[in-house]
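Colleague: give me coordinates for this.
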Amino acid sequence: MTKTDRDILNDIAGNDKSKLSHVPKKIRNSNVIEQVHIVMATDINGVGRLFGGRLMEWIDILSAVVARDYTHLDVTTVKVEELVFEEPAYINDTIIMRGRVVSQGMTSVTVEIITYARKLTGEEFPINTALLKMVAIDSLGHAINIP
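Modeller: Predicted coordinates for the structure are as follows:
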């Protein structure tokens with residue numbers, strides 16, 4: 001984890017958003033939520049790396065958890081705004097994903113997910129960044145306002 005990422009996560013964890021100029025003031029306490037996986041043989045693609053589609057699945061699930069925690073409503077993914085594969089991960093790596101809400105609209109929130117790989121040696125480095133737009137929905141699947 002870079003010092004900048006650590007500082008941002010510490011600011012968020014301490015609920016001190018005054019240092020985060022890119023976070024709109026209307027964001028209430030947006031918790032950082034983590035998801036952890038171990039890369040197994042079933043997660044590997046044909047060249048021996050973590051399959052990008054599997055990571056995308058995990059990102060989508062974590063984005064929903066983050067958005068539901070923030071809005072207290074059902075949500076659905078409406079758009080993947082950014083998905084950048086920076087480094088590969090390999091079998092037996094531990095994958096740590098950290099997600100948080102970075103902005104809110106009338107019916108949607110934007111969730112940022114930063115994914116890290118950790119080797120058995122303890123070395124940890126970012127492998128992916130993603131931004132997803134999640135829309136709050138009612139029981140019929142129609143967009144609804146977020147309180």
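Colleague: in stretch 92-100, what counts as buried?
Modeller: For stretch 92-100, the neighbour count (16 or more other Cβ atoms under 10 Å) marks 93-100 as buried. Every residue, glycine included, has its C-beta placed from N, CA and C.
Colleague: I meant to write stretch 73-83 there.
Modeller: Within stretch 73-83, the residues that count as buried by 16+ other Cβ under 10 Å are 73, 75, 77.
Colleague: quick one: the second one is in a helix?
Modeller: No. With DSSP: H, G, I helix; E, B strand; the rest coil as the criterion, V75 is strand rather than part of a helix.
Colleague: hang on, isn't it packed against L132?
Modeller: No. Counting by Cβ atoms under 8 Å, L132 is not a contact partner of V75; they are 10.0 Å apart.
Colleague: from the chain's centre, how far out does whichever strand or helix holds V135 sit?
Modeller: Using DSSP states H and E, the element containing V135 is strand 124-137. In terms of Cα atoms, centre = their mean, to the nearest Å, the centre of strand 124-137 is found 4 Å from the chain centre.
Colleague: can you check stretch 59-70 too?
Modeller: 7 Å.
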